[in-house]
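In: Sequence and predicted structure are below.
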Amino acid sequence: MFFSSPFKLRKKGIMGMNQRNSGYVGRYNPRRLYPLVDNKLKTKIIAREANVTTPALLGVISMQAEVEKVASFIENTPGFVIKPAKGSGGKGILVITKIENGRYYKPNGSEETLADIKRHVTDILAGLFSLGGSADVAVVEGLIQFDSAFDGFSFEGVPDVRVIVFKGFPVMAMMRLSTAASDGKANLHQGAVGVGIDIGTGKAINAVQFDMPVERHPDTNKELKLLNVPKWERLIYLAASCYEMSGMGYLGTDMVLDRDLGPMLLELNARPGLAIQIANGTGILPRLKLVESLKDAEKMSVEERVAFAKKHFAETPLVEIA
Amino acid sequence: MNARIFFYTLVAGLFVLGITQTIQRHMAFDIPWMPGETRTVWNIDAKVEFDATDKAILASLTTPFTQAGFTQISQNAASPGYGLSFLYEDNHPQAQWTIRQAEGPQTLYYNIQLLVDDESQDQAISKMPELVDIEYGGAGVAADLAASSDIIQDSLKTSADAFSFTRELLKQLNADDPNQNVSLVLAGKATKTDVLMALLNEAKIPNKRIGALVLEDGRRRQHLQPLVQVFQEKDGKIESRLFDASTVKAVDRTNLLLWDQSGKALLELTGGVNSKVSFSMIQQDQPALAAILQKTDNEHLFNFSIHSLPVEDQSLFKGILMIPLGVLIVVIMRVLIGLKTSGTFMPVLIAMAFIQTSLVTGLIGFILLVAVGLFIRSYLSHLNLLLVSRISTVIIMVILLIALFGVLSYKLGLTEGLKVTFFPMIILSWTIERMSVLWEEEGPKEVFTQGGGSLVVAVLAYFIMSNEVARHLMFNFIGLQFVVMSFVLILGSYTGYRLLELRRFKPLADKE
């Protein structure tokens, strides 16, 4: 059979796009808060206020006349990232990992000139990468020195951890590993590998690429089951505290692990994708329903929520979800 | 929970409203469900001929009412040099020609179009015609009177009301072996119709002479057939029935047009002699809708509908009213199937362009334009341009491409190719720009998925939107817009899986 039966999917608690849109994104995410999430600069500002660590901000370019200033921002840095504040789906993110003799190198080794970088900033300002083509600002951030725990798990890109936070509870997590197919980007539909991560321990459960199960990383051949996210406790704590910070009920938090600074928030997503279910090999609905059934969820502290999640949503849960 | 109930009530309300309005329109205005149904229209000419006597002329021709079986669609008259007016005098319509001076033989034409219409009704009778004395013109007045009162006495005995009395009279008048009295009254020059009317008048039964026209396709030089309309009052209501004086049989009203219901003369003429009225007629089959529109045009009942707009604007609406169907297709494809398209409603716009260009030409033209556009656009991306000017460049480029394709196809003798000009250029330019960005960022695979998805939806929408039946229904039954709206609303609350998700999550569902 080419298609599986919808009843089978329903029974497994797998959430479809229509249900996500009307039942969760539409219901729990107030429209007026979207700018906080869709604009990476605003996210950064509220994160700082909430003491959630984020990558270093090197500078912001908001006008065409300021494009020349980009050179001063990227002086004396080992590497940097330029991204549009309102970009979506990883569009328009330029990562430079190496600077040598005034030449800039992307993770895949290809060379960019300063003119190329300025053109990229110009494109961002013109709104090429933003939703609806509206004018945008370019954010220049310091490069994340990713944790050695991920050596060999990622190809030419920063692996990040996507945690779905529902009403402040971290319900499901997945690691996104870039591949040659995804051109160093961590988006699953572009070919990145998604590895389901156990909420309880931070250990790998299951891995997929292009929605199909994989055992090993396609480029480095490293066994994906061995993946273990360090400082997991701190990471899901940060993810869970994004709820108070953003006010979004159904939130995708993208976290990265810096070698020195530990877990930090990269960006928030008000419409997190469904592939996380495939990466975890389980449907998300039973967990969402459990959280929805809690009466005093609003009164629980971040620590209590994390503890609840670890208890109920771990791979070998201490308490079975009914 | 209340909001849910309200929502479903709203949807059900819209649905029922739409369906009711549609059925109501079908019933009340007789708008057919299918396009191309035809209705019969009689096109009748009345020719009035007379010799003018070099004086002022006033000619009034009695014209027919809308009546049982026929609805008047239009009337007009040809009459060089004459002043013409359509009047409504003494409760009956007439066409009146006037001229200060004319000489020699004159010919006036009156034309009327009548729709064969089972739903039309006879005019209500408001008052009885007056009784008048008519002379029999028989052997002699005294003898006539004696004979006629005998006939009336005989008929009265064997009848119950005015209608049966008339039938009894007709039996006597049309008997194979008429009795002495009947022979006496019929002896004169008077026709049977005149005799019948005289007898009825004498018996104090109101009656009226009717001129009827038997409709037969292609007949010329026809004359009105005299009938007698007999009235009686029953329970405060005036009833009437038609009788033909020359037969006992009831009058068959199929294909019978009651032309002259004035009870007076068919033609009243001053200033002319030797007048003659003759009729010719043809039967035409018109598209039902056109016929009905003409019918209702007169009634001003369509004032609220699109049909009351000028024809030019109507044809504009014909396109616009199809968009909801295209939109419905997009919603179905996205919500139920889960197909990716580039731009939410761009497929509808492409489909509308296809309607202008025809499908195959449109598809080839579209793919060719986008492909060449993408190729040139890939060069532009090296130029480090601002977005607005880059898009503008693409627009100019698309226009040049369209011009080039137009000229090329014309030179090659492919006039079909000229239709590429129908493509909305701004839409094309944005498509090229988006596809180009998509190509650079997500690779060609995504371009083909989204472009292909858009084209699939566009072609589907094209088939629905160009379907004759759908066009007919959507244009003539505004209520269907509500039905489409209720579908779109209900699809908006669908939270089940999309068809392609059943495929996507299959590995997950099959686990264990």
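Out: That came through fine.
In: State the phi and psi torsions of residue 129.
Out: I'll assume chain A. phi -100, psi -10 (degrees, to the nearest 10).
In: these two touch, right, it and residue A:135?
Out: No. Using Cβ atoms under 8 Å, residue A:129 makes no contact with residue A:135, being 11.4 Å away. Yep, even glycine has a C-beta here, placed from its N, CA and C like the rest.
In: Please say which of those two ends up with more neighbours.
Out: Between residue A:129 and residue A:135, counting by other Cβ atoms under 10 Å in any protein chain shown, residue A:129 is the more crowded of the two (25 against 14).
In: Distance check, residue B:43 against residue B:260.
Out: In this view, residue B:43 and residue B:260 are 19 Å apart by Cβ to Cβ, to the nearest Å.
In: Which of the helices or strands spans the most centrally placed residue in chain A?
Out: Chain A has residue A:254 as the residue nearest its centroid, 2.4 Å off, counting by Cα atoms, centre = their mean. Residue A:254 belongs to strand A:250-258 when assigned by DSSP states H and E.
In: for the stretch 101-250 of chain B, what spans make up the helices?
Out: B:141-157, B:162-173, B:180-186, B:192-202 (DSSP state H, counting those that start in this stretch).
In: what helices or strands is the longest one leaning on?
Out: Right, helix B:141-157. Contacts defined by 3 or more Cβ pairs under 8 Å, 6 or more residues apart in numbering or on different chains; DSSP states H and E place helix B:141-157 against helix B:162-173, helix B:180-186, helix B:192-202.
In: Check what contacts that helix and list those residues.
Out: Residues from elsewhere that reach helix B:141-157, judged by Cβ atoms under 8 Å, 6 or more residues apart in numbering or on different chains: B:135-136, B:138, B:165, B:168-169, B:172, B:180-182, B:184-185, B:198-199, B:202-203.
In: Which PyMOL command selects the buried ones in the residues you listed?
Out: Selecting only the buried entries of these in PyMOL, with 16 or more other Cβ atoms under 10 Å in any protein chain shown as the criterion:
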select buried, chain B and resi 136+138+165+168+169+172+181+182+184+185+198+199+202+203
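In: okay, the closest residue in space to residue B:218 that isn't next to it in sequence: pLDDT?
Out: Ranked by Cβ to Cβ, 6 or more residues apart in numbering or on different chains and with sequence neighbours excluded, the top spatial neighbour of residue B:218 is residue B:282, at 6.0 Å. Listed pLDDT for residue B:282 reads 82.
In: between residue B:43 and residue B:260, which one's more packed in?
Out: Taking other Cβ under 10 Å, residue B:43 and residue B:260 do not tie; residue B:260 has more neighbours (25 against 16).
In: what's the burial count for the spatially closest residue to the more buried one that is not a sequence neighbour?
Out: Distance criterion Cβ to Cβ, 6+ apart; nearest residue to residue B:260, sequence neighbours excluded, is residue B:211 at 3.3 Å. Neighbourhood size, residue B:211 [other Cβ under 10 Å]: 21.
In: check contacts around residue B:211.
Out: Here residue B:211 is in contact with B:62, B:224-227, B:258-260, B:266 (Cβ under 8 Å, 6+ apart).
In: got a list of what residue 191 touches?
Out: As the question left the chain open, I've gone with chain A. Residue A:191 makes contacts with A:179, A:181-183, A:209-210, as judged by Cβ under 8 Å, 6+ apart.
In: wrong one, I was asking about chain B
Out: B:226, B:245.
In: Swap in 10 Å and give it another go.
Out: Residues in contact with residue B:191 (Cβ atoms under 10 Å, 6 or more residues apart in numbering or on different chains) are B:137, B:197, B:226, B:245-246.
In: wait, which of those is closest to chain A?
Out: residue B:226 (75.4 Å; Cβ to the nearest Cβ).
In: Look up how far residue A:98 lies from the nearest residue to the closest one once chain neighbours are set aside.
Out: Leaving aside its chain neighbours, residue B:226 sits nearest to residue B:193 (4.5 Å; criterion: Cβ to Cβ, 6+ apart). From residue B:193 across to residue A:98, the span is 115 Å (Cβ to Cβ).
In: Local confidence estimate at the residue of chain A found nearest chain B?
Out: Closest to chain B within chain A is residue A:126: 3.4 Å, counting by Cβ to the nearest Cβ. What the model reports as pLDDT for residue A:126 is 82.
In: low pLDDT regions in the stretch 151-300 of chain A?
Out: Applying pLDDT under 70 to the stretch 151-300 of chain A flags the ranges A:183-184.
In: Show me the helices in it, by range?
Out: Going by DSSP H, counting those that start in this stretch, the stretch 151-300 of chain A shows helices at A:232-246, A:275-280, A:285-293.
In: if you compare those helices, which one is most tucked away?
Out: helix A:275-280 (a mean of 26; mean count of other Cβ atoms under 10 Å in any protein chain shown).
In: need the contact list for the residue of the stretch 351-500 of chain B found nearest chain A.
Out: Across the stretch 351-500 of chain B, no residue is closer to chain A than residue B:387, which sits at 3.4 Å (Cβ to the nearest Cβ). Residue B:387 is in contact with A:122-129, A:133, A:135, B:433, B:437, counting by Cβ under 10 Å, 6+ apart.
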